[in-house]
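> what follows is a predicted protein model with its sequence.
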Protein chains: 2
Amino acid sequence: MSTVPADGGRPPTLEQVARYAGVSRSTVSRVINAVPTVAPEIRETVERAIAATGYVPNLAARSLVTRRTDSVAIVISEPDRTSGTPFLNRMFTDPYVGRVTAGAQEVLLPRNIHLVVIPVDPPARHLVLRYLRQGHVDGVLLVSSHVDDPMPGLLGELDIPTVLSARPGDPVRASYVDVDQRAGARLAVEHLIGRGCRRLATICGPLDMTAGQDRLAGFRAALLGYAQPDPPVVEADFTRAGGEAAARKLLAGHPDVDGLFVANDLMAEGAVRAVRELGRTVPDDVAVVGFDDSSAAVESHPALTTIRQPVEEMAAEMARLLLARIRDPHRLSRAILFHPTLVVRASA
Amino acid sequence: MSTVPADGGRPPTLEQVARYAGVSRSTVSRVINAVPTVAPEIRETVERAIAATGYVPNLAARSLVTRRTDSVAIVISEPDRTSGTPFLNRMFTDPYVGRVTAGAQEVLLPRNIHLVVIPVDPPARHLVLRYLRQGHVDGVLLVSSHVDDPMPGLLGELDIPTVLSARPGDPVRASYVDVDQRAGARLAVEHLIGRGCRRLATICGPLDMTAGQDRLAGFRAALLGYAQPDPPVVEADFTRAGGEAAARKLLAGHPDVDGLFVANDLMAEGAVRAVRELGRTVPDDVAVVGFDDSSAAVESHPALTTIRQPVEEMAAEMARLLLARIRDPHRLSRAILFHPTLVVRASA
DNA sequence: GTGAAAGCGCTAACAG
DNA sequence: CTGTTAGCGCTTTCAC
């Protein structure tokens, strides 16, 4: 039924459909918006007219009056001091972003809400803020992980409904969803201790990210209970290569380490590679626990024992919080923490 | 100067700015749109008023009359029969998408054109098409690689400016940019032969992708010149794990293979891993050439010799073609082929 | 160089 | 249950 009308340049309007069907604009509008109070036969006439003309509502006209666009953005933000790899490569290479998107889609799709992904690095920041202020979207899911990222604050000033993917560096009024990072680190430590490791160390994430800070703090706190007061710590950048380099450095300085808590799976994969290239085995010589339970955990050899973050469920919750906030702008914001779980595979 | 006015719910309008500045709506509009015919002092007054009121143009109202949104979408499409890994994970894990986005940003950002990324898998297809038809964006950069992907055709019917990232399965009227795949395969073969390989084989990409087809065809064609009529071929899915499994299978069936052309870097990385785990060395026992020169090529151990696709430059060209098409809808569409180059590293 | 007025395509009261 | 009417906020002729 793709009977497209004489393509006279412009697409058909409500008016034209109405004329075609011999009814008023309002009636067509009601049919489009599924308002129940329309006589069945008229509805059918109108639907035929819509099909015949190939009519599609004009978004600009509609949202000019409704003040809604039925779409939300997932904004992936990058703070000022960028590390080695180019931002877009990192963003499209870290399985985390895909999981967040998938989880959000899960709740948005059934509700017919469009989702667009917007990467933001410093040069694009200005343009993105404009995009958001212009009303392209009804709300934003902000993935921001650096403590010094200005985006959470900037979005706060914009007064557009926002939900954050993690605890922000500076408190803001937006809601956020996070995993209980310290509990995760504790699970890892207890597992390593439980399998007999005597000398634990950690490759922590960047300390300018809340996730990096919290996982390290959790690691140290958990270790306190086991009388290992000053465990070796090497910081890396959450990438595979970074984890690899960190593990090399760590084992060079502390050859006796036999248990490694690595703050994400990507780095853990790199660390495992380093350990093996140094001629030691995983998990027998060095046991390795990752964090995330991302696709990298399964792809690694041996497969990673890791702390599972229910990212998809968390993202779905973010979407729900956002929709609620869009519906009721006065809704109070809140923080929701999810519990991590230990997933045992081969690396520890 | 973020002097926000009494937040009376709605954002300030042109009308209010005009009143504040003591001029007409038209004048403010001219200032906003940088129309030259405005007296300098008046322009300044208006600018002050804009700053004072915190005015931001309403996109819906503007694009209702201009029929432009100054934004384009990069649509990442997934065809019906999806392979193992969930689409969003694959999409956010393949370095290719990031490179395309970065390349497009390079030309869009300076022109103040917004870029949004939209993933499309079959369940979302309908919604995305609606999004595009509603006029959220002025044009689309379509990343579609499967021959049976309906998106190129569907977008064609929509009559929205579109540029494709590769040769489409069925010819469509949209422009596309691609790399000369066959030339790339030839470079790889010549390099392997040149370093003394006697028995070549290939891990080809999915044959339901034009890239998979063309690289395999190029490999076979190039080999014809070297009297190796029927080289071993194993098909895999462009993922690391797929490449690994394929290499295992290949070497099991053909232990004499000493040169491997792998149709992308991700698979090549997996293949290298398999070769080494089988107790053979790279490149001495088996030389491996990848394709793409993505970040995976450098991360692999040993680093991959590979065929470089100038993805960023290609994406920039896509963006330029799209903008030209948006400016002039009657512009003829075209295909642009880029030349690949050989990048020699350690794996071959 | 500036203002007045019309209209983009749609929804939302309000009558009937 | 349906039609009429009045805008939503902006750009764009067209006079002045």
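Perfect, thanks for sending it. Numbering: from 1, shown residues only, chains lettered A, B, ... in the order given.

> select the longest helix from chain A.
Criterion DSSP state H: the longest helix present in chain A is helix A:311-327.

> confirm residue A:289 sits in a helix?
No - with DSSP: H, G, I helix; E, B strand; the rest coil as the criterion, residue A:289 is assigned strand and is not in a helix.

> mind exporting the helix or strand following the longest helix of chain A as PDB, just the C-alpha atoms?
Proceeding C-terminally, helix A:311-327 gives way to strand A:335-338 as the next helix or strand, assigned by DSSP states H and E. What follows is the C-alpha trace of strand A:335-338 in PDB, where atoms were taken according to Å, rounded to 0.1, in the frame of the first residue of the first chain:
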ATOM      1  CA  ALA A 335      19.900   7.400  43.700                       C
ATOM      2  CA  ILE A 336      19.400   3.700  43.100                       C
ATOM      3  CA  LEU A 337      22.100   1.200  43.900                       C
ATOM      4  CA  PHE A 338      22.200  -2.300  42.300                       C
END
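
> so residue A:160 makes contact with residue A:142?
No - with contact defined as C-beta atoms under 8 Å, residue A:160 and residue A:142 do not form a contacting pair (10.2 Å). Every residue, glycine included, has its C-beta placed from N, CA and C.

> same drill for those two, tell me which one is more crowded.
Neighbour count, other C-beta atoms under 10 Å in any protein chain shown: between residue A:160 and residue A:142, residue A:142 has more, with 28 against 20.

> still on that earlier bit, name the surrounding residues that touch the longest helix of chain A.
The contact list for helix A:311-327, computed with C-beta atoms under 8 Å, 6 or more residues apart in numbering or on different chains, reads A:72, A:96, A:99-104, A:106-108, A:111, A:113, A:138-141, A:161-165, A:175, A:177-179, A:292, A:294, A:331, A:333-334, A:336, A:338.

> narrow the residues you listed to just the buried residues.
Among the contacts of helix A:311-327, the ones that count as buried by 16 or more other C-beta atoms under 10 Å in any protein chain shown are A:72, A:96, A:99-104, A:107-108, A:113, A:138-141, A:161-165, A:175, A:177-179, A:292, A:294, A:338.

> who are the contact partners of residue A:286?
Counting by C-beta under 8 Å, 6+ apart, residue A:286 touches A:251, A:257, A:258, A:259, A:260, A:275, A:280.

> any idea how far the second one lies from residue A:228?
What that stands for is residue A:257. Distance, residue A:257 to residue A:228, by C-beta to C-beta, to the nearest Å: 11 Å.

> now the phi/psi pair for the nearest residue to residue A:259 once chain neighbours are set aside, please.
Residue nearest to residue A:259 in three dimensions, not counting chain neighbours: residue A:197, with 3.0 Å by C-beta to C-beta, 6 or more residues apart in numbering or on different chains. When read as degrees, to the nearest 10, the backbone of residue A:197 gives phi -70, psi 140.

> looking at it, residue A:197 is touching residue A:287, isn't it?
Yes - if you go by C-beta under 8 Å, residue A:197 and residue A:287 touch, sitting 5.7 Å apart.

> shared neighbours, those two?
Common neighbours of residue A:197 and residue A:287 (C-beta under 8 Å, 6+ apart) are A:258, A:259.

> surely residue A:345 touches residue A:303?
Yes - Residue A:345 is within contact range of residue A:303, at 4.0 Å (criterion: C-beta under 8 Å).

> shared neighbours of these two, which are they?
Once C-beta under 8 Å, 6+ apart is applied, the residues that residue A:345 and residue A:303 both contact turn out to be residue A:297.

> circling back to that earlier point, roughly how far apart are the residue nearest to residue A:259 and residue A:32?
With distances defined as C-beta to C-beta, the gap from residue A:197 to residue A:32 amounts to 64 Å.

> residue of the stretch 151-300 of chain A with the smallest distance to DNA strand C?
With C-beta to the nearest atom of the strand as the measure, the residue in the stretch 151-300 of chain A that lies nearest DNA strand C is residue A:161; the distance is 18.4 Å.

> next, the contact list for that residue, please.
Residue A:161 sits in contact with A:138, A:139, A:140, A:322, A:325, A:326, A:329, where contact means C-beta under 8 Å, 6+ apart.

> switch to 7 Å and redo it
Residue A:161 makes contacts with A:138, A:139, A:322, A:325, A:326, A:329, as judged by C-beta atoms under 7 Å, 6 or more residues apart in numbering or on different chains.

> and which of those residues is nearest to chain B?
Ranked by distance to chain B (C-beta to the nearest C-beta), these are led by residue A:329 at 9.4 Å.

> residues contacting the closest one?
The contact partners of residue A:329, by C-beta under 7 Å, 6+ apart, come to residue A:161.

> now it. Its backbone dihedrals?
phi -60, psi -20.

> ok, residue A:200 - how many residues close by?
Burial of residue A:200, expressed as a neighbour count using other C-beta under 10 Å, amounts to 23.

> any idea how far it is from residue A:228?
Distance of residue A:200 to residue A:228, given as C-beta to C-beta: 6 Å.

> residue A:139 now?
Looking at residue A:139 against residue A:228, where the rule is C-beta to C-beta, the gap reads 45 Å.

> same thing with residue A:78?
For residue A:78, the distance to residue A:228 equals 36 Å [C-beta to C-beta].

> what helix or strand is the most centrally placed residue in chain A located in?
With distances taken as C-alpha atoms, centre = their mean, the residue of chain A nearest its centroid is residue A:100 (3.4 Å). When secondary structure is defined by DSSP H and E, residue A:100 falls within helix A:95-108.
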